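[1] coordinates only, no sequence provided:
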């Protein structure tokens, strides 16, 4: 799926060329969008289901994500944890043990990245709880373990944190999502090499 973003004061416009059943605007990403106002326009184009989204940020509220949602959004939990850091209250993600056997132990890696950036969180073998707050300090360095989703998620954290966030290795992003840096720049991100790199 190619996604094109346009950022402005009225929100972010996202034009998606294709939606994957159960992963696009449906069950999977719907949890993240409970934090925001979303209007999406779904249509068929050339035999594929496609959608355009308009996302407008609003006050974030912690949520409980039940275990039955895990199979549909297992790869989205790192960025959900980042969004939860800015939410009022706690976000509990249940049934996420599969994250421990992905490119890295994503639960442990996300937990360490959150804590490195001043965010209170804890885990169990099957859950991750993030204690959100309106302000996120940032300023930490995140060990990505060569996991592209970890790198991208914590660079997204840096868009809204008080201090810049550093990832130890962003190279895997270029392989999995080469447009990421340009899209982030379009949303206001700036990138710099960390000292010693």
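    In hand now; what should we look at? Bear in mind the structure is a predicted one, so any value in this text is a computation, not a measurement.
[2] are we agreed that residue 134 is in a helix?
    No. Residue 134 is assigned coil when assessed by DSSP: H, G, I helix; E, B strand; the rest coil, not a helix.
[3] pLDDT score for it?
    Per-residue confidence (pLDDT) for residue 134: 74.
[4] pretty sure it contacts residue 62?
    No. If you go by C-beta atoms under 8 Å, residue 134 and residue 62 don't touch, sitting 12.0 Å apart. Every C-beta, even on glycine, is put in place using the N, C-alpha and C of the backbone.
[5] neighbour count: those two, which is higher?
    residue 62 (16 against 9; other C-beta atoms under 10 Å).
[6] check contacts around that one.
    84, 87-92, 130, 132 (C-beta atoms under 8 Å, 6 or more residues apart in numbering).
[7] if we use 6 Å, what do you get?
    87, 89-91, 132 (C-beta atoms under 6 Å, 6 or more residues apart in numbering).
[8] in what helix or strand does the residue positioned nearest the centre of the chain lie?
    Geometric centre of the chain, nearest residue: residue 79, 1.9 Å, by C-alpha atoms, centre = their mean. Residue 79 belongs to helix 77-85 when assigned by DSSP states H and E.
[9] which SSE is immediately downstream of that helix?
    That would be, after helix 77-85 and using DSSP H and E, strand 89-94.
[10] returning to that earlier point: of the contacts of residue 62 - the most surrounded one?
    residue 91 (24 neighbours).
[11] right, and residue 126 touches residue 97 too?
    Yes. Under the criterion of C-beta atoms under 6 Å, residue 126 makes contact with residue 97 at 4.6 Å.
[12] before we move on, the earlier item: and the residue nearest to the centre of the chain, what's its pLDDT?
    92.
[13] for it, what are its contacts?
    By C-beta under 6 Å, 6+ apart, the contact list for residue 79 reads residue 153.
[14] tell me the spacing between it and residue 193.
    24 Å (C-beta to C-beta, to the nearest Å).
[15] got it, and residue 180?
    Relative to residue 193, and taking C-beta to C-beta, residue 180 is found at 16 Å.
[16] tell me which stretches of this structure form helices.
    27-33, 70-73, 77-85, 106-116, 148-160, 171-176, 180-186 (DSSP state H).
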